[in-house]
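# Let me see the structure of the following:
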Amino acid sequence: MGPSHDIQVLMGEVRIGRGDDVLRATLGSCVGIGLMWRARGLYGLAHCLLPEAPNPTFAIGAKYVTQAVPSLLALMRADGARRGEIEAVIAGGGNMMPHQPPARHGLIGVANARMAQALMAETGIPIVHVEVGGEIGRQLTIHCAHHTFHVRTIGTNEGSPATTPPALRLVGRES
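Got it, this is the predicted structure:
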């Protein structure tokens with residue numbers, strides 16, 4: 001096995017990996033959506049800035065969660081019959097700019113995470129791991145050669161435990 005090829009998935013990007021590729025997104029309030037098609041050795045990662053596009057878009061990209069999910073599925077050529085073989089991991093959606101009082105429009109990270117989970121449910125792709133929320137950043141990494149993923153916490157925000165909302169961590173199969 002040769003050296004791994006590190007692919008940084010930047011804000012608004014969607015990337016596909018296989019073989020020795022390592023997909024990586026560093027996330028704050030953005031949400032990362034990783035799709036793992038282990039049977040085909042094909043993986044995808046989207047780095048989404050906002051939950052929903054104001055107007056429908058058919059361009060490949062990931063500025064919006066609603067754009068990212070169809071983009072990932074198209075790039076992976078995942079027709080409906082094969083979606084049961086794909087697993088999803090969702091990370092990020094942190095509150096990086098605490099508001100006092102809370103923002104009227106709600107927290108963008110929470111909205112991103114909710115939209116990602118709703119779209120996965122709509123597509124029928126099972127979510128095996130969710131790690132979102134709180135006042136921390138995260139890094140989502142998918143190691144294609146090993147068929148694994150990892151979510152790493154980045155930094156913490158000072159605050160009392162009573163006022164800091166906890167991160168949601170739904171532990172599935174982190175293999």
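
# The nearest residue to V9 once chain neighbours are set aside: what's it in contact with?
Of all residues beyond its chain neighbours, the one nearest V9 is A25 (4.3 Å), with distances taken as CB to CB, 6 or more residues apart in numbering. For every residue, glycine as well, the C-beta is placed using N, CA and C. Contact analysis of A25 by CB atoms under 8 Å, 6 or more residues apart in numbering lists Q8, V9, L10, G32, L45, H47, G92, Q139, L140.

# Most neighbours among those residues, which one?
G32 (32 neighbours; other CB atoms under 10 Å).

# need the next SSE after the host helix or strand of it, C-terminal direction.
Secondary structure here is read from DSSP states H and E; on that basis G32 sits in strand 31-37. With elements assigned by DSSP H and E, the helix or strand that comes after strand 31-37 is strand 42-48.

# centre of the chain versus that next one, how much separation?
With CA atoms, centre = their mean, to the nearest Å as the basis, the distance from the averaged C-alpha position of strand 42-48 to the chain average is 7 Å.

# Counting by contacts, list what it packs against.
strand 14-18, strand 21-27, strand 31-37, helix 65-75, strand 137-143 (3 or more CB pairs under 8 Å, 6 or more residues apart in numbering; DSSP states H and E).

# In terms of secondary structure, what does the last one contact?
Applying 3+ CB pairs under 8 Å, 6+ apart, one finds that strand 137-143 contacts strand 21-27, strand 31-37, strand 42-48, strand 87-92, strand 148-154.

# CA atoms only: put that strand into CSV for me.
Coordinates of the C-alpha atoms in strand 137-143 are reproduced here as CSV (Å, rounded to 0.1, in the frame of the first residue of the first chain):
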residue,chain,number,x,y,z
GLY,A,137,-15.1,22.6,16.4
ARG,A,138,-14.6,19.2,14.9
GLN,A,139,-12.6,17.5,12.3
LEU,A,140,-14.2,14.7,10.3
THR,A,141,-11.8,12.3,8.6
ILE,A,142,-12.6,9.3,6.4
HIS,A,143,-9.7,6.8,5.7
